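**Q** Need a 3D model of the sequence below.
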Amino acid sequence: MVLIGLALLAMGVSATFTAVSLKKQASGQPTWTQLIAVIISSEIRSTYEGYLPIIQYEYEYNNAHYTGETFKSAVVVFNFKGPAERILRKYRVGNRVAVYVNPTDPGKSVLEPAGSGPYNLLISVSSVTALIGLGLLFKSLS
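**A** You can find the predicted model right below:
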């Protein structure tokens, strides 16, 4: 029981810190430099987890050429093909779209900034996991 408690506590704390860090990074994205990008590739990739929209785009920042493929901060995988297809309708090859570029690291960009919803869920679930691990640890040590 001690090992299970330690494992849950470690996983929960680690996942919570990771999610908080990623959420903090994502929350600054709306303040990044907004430019125009051109969609160069738009497809659905089927994975063992589901359907993943893959969108590649090109943009220029300070006379340098960049290619990006970050649609949202959090990876978006769908159980059904329909939601991924709806996203791709907005990002057809050749479309000119808004892109948010990190001014301190112009190779980092995102089409839809500050996707914090999944991070809030991950923070909640991982915190509960850590608390369950802590509870099991205390129970087994007392």
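**Q** Show the low-confidence segments of the protein, by residue range.
**A** Along the chain, segments meeting pLDDT under 70 span 5, 17, 21-24, 26, 75, 115-119, 122.
**Q** Centroid-nearest residue for it?
**A** residue 74 (1.3 Å; CA atoms, centre = their mean).
**Q** so how far is residue 113 from it?
**A** 12 Å (CB to CB, to the nearest Å). For glycine as for every other residue, the C-beta is placed from the backbone atoms N, C-alpha and C.
**Q** just residue 35 next, same as before
**A** With CB to CB as the criterion, residue 35 and residue 113 are 12 Å apart.
**Q** Could you check which of these two has the larger neighbour count?
**A** Ranked by neighbour count (other CB atoms under 10 Å), residue 35 and residue 113 place residue 113 first, with 21 against 16.
**Q** related to what we said a few turns ago, what sits in contact with each of residue 35 and residue 113?
**A** residue 100 (CB atoms under 8 Å, 6 or more residues apart in numbering).
**Q** any chance you could map the strands in the chain?
**A** Using DSSP state E, the strands assigned to the chain run over residues 33-46, 51-61, 64-68, 96-101, 109-110.
**Q** by contact count, what packs against the last one?
**A** Based on contacts counted as 3 or more CB pairs under 8 Å, 6 or more residues apart in numbering; DSSP states H and E, the elements that strand 109-110 packs against are strand 64-68, strand 96-101.
**Q** hmm, try it at 6 Å
**A** Under the contact criterion of 3 or more CB pairs under 6 Å, 6 or more residues apart in numbering; DSSP states H and E, strand 109-110 touches strand 96-101.
**Q** what pairs with the strand it packs on, and is each one parallel or antiparallel?
**A** Partner strands for strand 96-101, per DSSP bridges, with pairing direction: strand 33-46 (antiparallel), strand 109-110 (antiparallel).
**Q** so how far is the longest one off the chain centroid?
**A** It stands for strand 33-46. With CA atoms, centre = their mean, to the nearest Å as the basis, strand 33-46 stands 16 Å off its chain's centre.
**Q** Check which residues of it are buried.
**A** 35, 37, 39, 42 (16 or more other CB atoms under 10 Å).
**Q** tell me which of those is nearest to residue 7?
**A** Of all the buried residues of strand 33-46, residue 7 sits closest to residue 42, with 40.8 Å by CB to CB.
**Q** No further questions, thank you.
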